[in-house]
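1. no sequence on this one, just coordinates:
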């Protein structure tokens, strides 16, 4: 199977809980809205920062399909804020499908190469609920299990083990059966490092997602780690792959920086939309 090519045999290492942090100053889109208009626009829609650097001949359509309004983004954000009626927390971990929690609500999962920033991204998504423990490490391949987070009664989010360097030895037994059989999985988010572009392992993972014939989305991480020119080059190369080699991938890549919070509000809204919790007023279907 395709997953076999993603695995590197290496011993696992135990997780250590990351320290809990207070509320980040950009955790809420309402707080970010007090910034200068141009900076706020860049946080909401990161592609708008790159747009001026693109030649006029470049088709921008596929970069602007998902453009929810501010009000819809605020609605989606409320789902990511823990409250007595919307409890958000780590639920459980699993290494095999018979250990996976039985959940009825819609579910989304995040997969990607080791050190692409999955756990950091999930922590940014949950930044309005800093009590939620999302384990993050600078060591590649730190995620060794499927980690489930429950967002009230709305949906669940799964942080999957990374493929490539230091992938867990039982990666295949975890990821492939999950993607094939998880009945409540509504969207897979495949993460690619925007500072280095698409790697061979990413192409194999993309092929795996295509083989599953289930809808997925490309998320371009670490967009703050390189210049605009390098990021655009990597982004356009990714778009060529999506346009020419995919049928189940949403055409628009979602650009994010977990450090600067660029694109985090948009990603929250995308998740809320595909799980059926927020109906959008002015954007394409996903």
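-> Happy to help now that I have it. Quantities reported herein were computed from a predicted structural model and do not represent experimental measurements.
2. where exactly do the helices run in the chain?
-> Using DSSP state H, the helices of the chain run over residues 29-32, 37-44, 47-50, 70-79, 118-125, 171-181, 200-212, 228-245, 264-274.
3. and those, which one is worst for confidence?
-> The minimum mean pLDDT among the helices of the chain belongs to helix 171-181 (a mean of 84).
4. hang on, the earlier thing: need the helices of the chain in a markdown table (columns: mean neighbour count and distance to residue 189).
-> Where C-beta positions appear, they are placed from N, C-alpha and C, glycine not excepted. Output for the helices of the chain, formatted as a markdown table (neighbours: other CB atoms under 10 Å; distance: least, CB to CB, whole Å):
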| stretch | mean neighbour count | distance to residue 189 |
| --- | --- | --- |
| helix 29-32 | 16 | 20 |
| helix 37-44 | 15 | 19 |
| helix 47-50 | 18 | 17 |
| helix 70-79 | 18 | 15 |
| helix 118-125 | 24 | 9 |
| helix 171-181 | 18 | 12 |
| helix 200-212 | 18 | 10 |
| helix 228-245 | 15 | 14 |
| helix 264-274 | 24 | 8 |
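5. the ones you listed: which one's closest to residue 149?
-> helix 118-125 (7.1 Å; CB to CB).
6. which other helices and strands contact that closest one?
-> In terms of contacts (3 or more CB pairs under 8 Å, 6 or more residues apart in numbering; DSSP states H and E), helix 118-125 is packed against strand 107-112, strand 155-159, helix 264-274.
7. now that helix, how far from the centre of its chain.
-> Centre-to-centre, helix 118-125 and its host chain are 8 Å apart (CA atoms, centre = their mean, to the nearest Å).
8. cool, stretch 205-224 as well?
-> With CA atoms, centre = their mean, you get 9 Å for stretch 205-224.
9. and it, how far apart are its ends?
-> 24 Å (CA to CA, to the nearest Å).
10. try stretch 43-54
-> Start-to-end, stretch 43-54 (CA to CA) is 19 Å.
11. and for stretch 209-217?
-> So stretch 209-217: terminal residues 10 Å apart, CA to CA.
12. try stretch 242-258
-> 23 Å.
13. low-confidence ranges, the stretch 51-200 of the chain, go.
-> The model of the stretch 51-200 of the chain has pLDDT under 70 over residues 135-143, 165-171.
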